[in-house]
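Sequence and predicted model, in that order:
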Amino acid sequence: MNHRHQRVFGSATIAAAAFVFATVGLRAEPVSVDQIRLTTEIYDAVVNYPPPSWVVGEVERASIPNLSVYNKAQQESRFAIERLPIGETNANWTRLYVASGIYAGKGSNVPLAAFVDFGLNPMKGACGQSKFIAKRLEQNADAVTILLFCESYAGVPPGRTGASLEGEIALLVFAKYRDTLYMIHHHWRGAPFEAANEASWPVERAVLDLMIDRFASIRIAEMAPFGGR
């Protein structure tokens, strides 16, 4: 991967995960979204990542939580925090942003390629081979960035409860650190489309390019020990 897409890996063992902001003192004056990072502690490390595509321009840091609907889930060895635009739900979302992790077990050494397959196969199976395109944008030994196109789901799209005629574009980062597998992903859904025809996409090219640039800032980094030592 080039230097803009390198991830920083560090150590921390965290039994539970929590969502916090990477800010020091929430100030009232607006700042550029480019200066804001979201931080989530997930098992072996701290994930530092940019805001979702619907947060743009200048915003007050303290207002960030009010710009999305949140769903947080933790079951056994899995954790995820989902964000949706205000007014959307799990049943009808058109945009979805997720940071998640799977603790694979001490010394598990799961290959990154196997984790990528694990993450993509549900979408690939629901989409069908002929309508599914996955492009690797960047990759190194510890992380890979993928741009995914499902031109039209053949059956029930992942996360839906019934058949729905939809297409989807997703930007995904898969990463591995120690015994935890991380996935940060942004999805856009809409009417079926043709990957070769940008005008038919469920997301504007400028918005997709914005998130590709933002994803270059993702870091999986060491958490400072308690007490600052």
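Looks like it came in fine. Numbers count the residues shown, from 1 in each chain.

Every contact and neighbour count from this point should use C-alpha atoms.
Fine.

Name every strand pairing with the strand or helix carrying residue 46 and say which way it goes.
Using DSSP states H and E, residue 46 falls within strand 45-49. If you go by DSSP bridges, strand 45-49 pairs up with strand 38-42 (antiparallel), strand 219-221 (antiparallel).

what about residue 148, how many residues close to it?
Residue 148 has 21 neighbours, counted by other CA atoms under 10 Å.

which one of the strands paired with strand 45-49 lies closest to residue 188?
Nearest of the strands paired with strand 45-49 to residue 188, taken as CA to CA: strand 38-42 at 20.0 Å.

quick revisit: can you put the strands paired with strand 45-49 in CSV and add distance to residue 211?
Converted to CSV, the strands paired with strand 45-49 look like this (distance: least, CA to CA, whole Å):
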stretch, distance to residue 211
strand 38-42, 14
strand 219-221, 15
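
Indicate which one of those is closest to residue 175.
strand 219-221 (8.4 Å).

What average pLDDT does that closest one get?
On average, the pLDDT along strand 219-221 is 88.

A helix includes residue 199, no?
Yes: under DSSP: H, G, I helix; E, B strand; the rest coil, residue 199 sits within a helix.

Burial check on it, number of neighbours?
The number of residues packed around residue 199, counting by other CA under 10 Å, is 12.

What ranges does this structure have for its helices?
Using DSSP state H, the helices found in the chain span residues 112-127, 205-215.

related to what we said a few turns ago, quick one, which of the strands paired with strand 45-49 is nearest to residue 78?
When these are compared by CA to CA, strand 38-42 sits nearest residue 78, at 9.2 Å.

All the strands of the protein, in order from the start?
All strands of the chain, identified by DSSP state E, fall at 18-21, 31-32, 38-42, 45-49, 58-59, 68-75, 78-85, 95-103, 132-139, 143-150, 167-177, 180-190, 219-221.

Surely residue 58 is in contact with residue 31?
Yes: here residue 58 reaches residue 31: they are 5.0 Å apart, a contact under CA atoms under 8 Å.

worst average pLDDT in the strands of the chain?
strand 18-21 (a mean of 39).

where's the residue nearest to residue 211 when sequence neighbours are not counted relative to residue 193, distance?
For residue 211, ignoring the flanking residues on the chain, the nearest one in space by CA to CA, 6 or more residues apart in numbering is residue 53 at 6.4 Å. According to CA to CA, to the nearest Å, residue 53 stands 20 Å off from residue 193.

Mind pulling the model confidence for residue 61?
Residue 61 is given a pLDDT of 80.

That one: how many residues sit nearby?
Residue 61: 22 neighbours (other CA under 10 Å).
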